[in-house]
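K.L.:
Pasting a predicted model and its sequence here:
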Amino acid sequence: MLTDPVADMLTRIRNANMAMHDQAKMPASKLKIELAKLLEAEGYIAGWSEEGAARDHFLTVSLKYDKNRRQVISGLKRISKPGRRVYVDRDTIPKVLGGMGVAVISTSQGLLSGQEARRRGIGGEVLCEVW
């Protein structure tokens, strides 16, 4: 059975975040690592690390909370799914919560935030939204 790696990652982060865990551990892939880099750059996670060899390769995402132990990530939503891919051009890149969240776009230049893709003038596949 093939699973959607982005949906798997988002579900693991969402579940760990709701349970107030400090970390979420999952099997690693190039796409998941790039998504973790983007989430860290946007300030939604505290960090990430890879561990293990080729067969047992894991990604650990360190979740971020504010000083009152409230979640920084209040929502994650998978937009493009294996059964229904969602592509946008540079003029129709969605703004999440009026700019308070971030849309993750898979482009020919790699994974970019919606704001960065808009700045570069390129479109792509909308993978998910984070707020």
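P.N.:
All right, it came through fine. All values reported here derive from a predicted model rather than from experimental measurement.

K.L.:
gap between residue 130 and residue 88?
P.N.:
16 Å (C-beta to C-beta, to the nearest Å). From N, CA and C alone the C-beta is placed, and that goes for glycine too.

K.L.:
again with residue 26
P.N.:
Separation of residue 26 from residue 88 (C-beta to C-beta): 27 Å.

K.L.:
since we're on the closest residue to residue 51 other than its chain neighbours, how many residues are nearby?
P.N.:
Sequence neighbours aside, residue 58 is the residue nearest to residue 51 in space, at 5.3 Å (criterion: C-beta to C-beta, 6 or more residues apart in numbering). Each residue near residue 58 was counted by other C-beta atoms under 10 Å, and the total is 12.

K.L.:
Let me see the backbone angles for residue 58.
P.N.:
Backbone torsions of residue 58, given as degrees, to the nearest 10, read phi -120, psi 150.

K.L.:
hey, which helix is longest across this protein?
P.N.:
Assignment by DSSP state H gives helix 5-18 as the longest helix of the chain.

K.L.:
hmm, back to that, quick check, the residue nearest to residue 51 in contact with residue 32.
P.N.:
No. With contacts counted by C-beta atoms under 8 Å, residue 58 stays clear of residue 32, the gap being 10.1 Å.
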